[in-house]
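Colleague: show me the folded form of this:
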Amino acid sequence: MTAEPPRDLKIVSKPIPTDGTAVLTGFPGSGLVGTIALQYMVDQMEFELIGTMTSKYFPPLAMMNKGVINEPVRIYQRDRIVAVVADIPIHPMICYEISNGMLDWLEPSHPKEILTIAGIITNEAEKRVFGVATTNDALTRIADQTMILPIGSISGIASSLLTECKIRNIPAFGLLGETVNAPDPRAAASTIAVLNKLYELNLDVQPLIEQAVEIEQSMGKIAEEVQQSAETSPRKDLPMYG
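Modeller: Presented below is the predicted three-dimensional model:
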């Protein structure tokens, strides 16, 4: 099935199951939480790659794995779960167009719910998962698995998707993993723990935790090298003011 809404968004995909399907989305943002979490899920659970999404407004960027180019936005499916995973950030100027194009494509299939995963930067290191939903009724589905945000705002493609779902009366949720502004597998693992409860995935997150340790050690080594370089660099005399 090919959908080409008049918004310069092109989606080419096999048909997705109608009625009762949960659609999960993950786009790059703070900590790459959504992208890391969903790519890990589809890899570990061997989801089928069923489609792609392209647009002339997407940045000219393609990731590769072992020399093979990946489509920037990929659509996967297993049973009644569809996952949209992106490697590229969506510019704020086109978030409205992309979210509307996605929902124009999804709406005929009558999805049960749409869930988007993003990161939220805090001053804490707990890796909590905060939750938002489009209605009070929808909020009850995630109330026991997340910390409900009492007040605040979210931005980017996640906010556009949630807003458009609310307008179209499609139940939708946002999982916001507590993160720092760097690739954060620990935050991704926390969001997967919530997905495990919501969708009974039984997905082991230990490999992600191990990956987090490697990333943290690498970042620590880089920071140490930068500090040593700063300490050994010749200092120029600076003028004094007083």
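Colleague: where do the helices sit along this protein?
Modeller: With DSSP state H applied, the chain shows helices at 33-44, 95-106, 136-142, 156-168, 185-199, 206-232, listed in chain order.
Colleague: so where's the chain uncertain?
Modeller: Within the chain, the ranges that satisfy pLDDT under 70 run 1-7, 215-242.
Colleague: want to try CSV for the helices of the chain, with mean neighbour count and distance to residue 21 as columns?
Modeller: Where C-beta positions appear, they are placed from N, C-alpha and C, glycine not excepted. Output for the helices of the chain, formatted as CSV (neighbours: other Cβ atoms under 10 Å; distance: least, Cβ to Cβ, whole Å):
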stretch, mean neighbour count, distance to residue 21
helix 33-44, 25, 15
helix 95-106, 21, 9
helix 136-142, 14, 16
helix 156-168, 21, 14
helix 185-199, 22, 11
helix 206-232, 11, 25
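Colleague: need these in JSON lines (columns: distance to residue 19).
Modeller: Formatted as JSON lines, those follow (distance: least, Cβ to Cβ, whole Å):
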{"stretch": "helix 33-44", "distance to residue 19": "22"}
{"stretch": "helix 95-106", "distance to residue 19": "12"}
{"stretch": "helix 136-142", "distance to residue 19": "18"}
{"stretch": "helix 156-168", "distance to residue 19": "16"}
{"stretch": "helix 185-199", "distance to residue 19": "17"}
{"stretch": "helix 206-232", "distance to residue 19": "32"}
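Colleague: how close does the residue lying closest to residue 56 once chain neighbours are set aside get to residue 37?
Modeller: Once flanking residues are discounted, residue 56 sits nearest to residue 8: 5.3 Å by Cβ to Cβ, 6 or more residues apart in numbering. Look at residue 8 and residue 37: by Cβ to Cβ, to the nearest Å, they are 28 Å apart.
Colleague: next: residue 207.
Modeller: 13 Å.
Colleague: which residues does the residue most central in space within the chain contact?
Modeller: Residue closest to the mean C-alpha point of the chain, counted by Cα atoms, centre = their mean, is residue 34 at 2.0 Å. Taking Cβ atoms under 8 Å, 6 or more residues apart in numbering as the contact definition, residue 34 lies against 25-28, 116-119, 158, 191.
Colleague: correct me, but residue 194 touches residue 142?
Modeller: Yes: counting by Cβ atoms under 8 Å, residue 142 is a contact partner of residue 194 at 7.4 Å.
Colleague: mutual contacts of these two, please.
Modeller: With Cβ under 8 Å, 6+ apart as the test, residue 194 and residue 142 both reach 131, 175.
Colleague: circling back: count the neighbours of the residue nearest to the residue nearest to the centre of the chain when sequence neighbours are not counted for me.
Modeller: Leaving aside its chain neighbours, residue 34 sits nearest to residue 26 (3.0 Å; criterion: Cβ to Cβ, 6+ apart). By other Cβ atoms under 10 Å, 29 other residues sit near residue 26.
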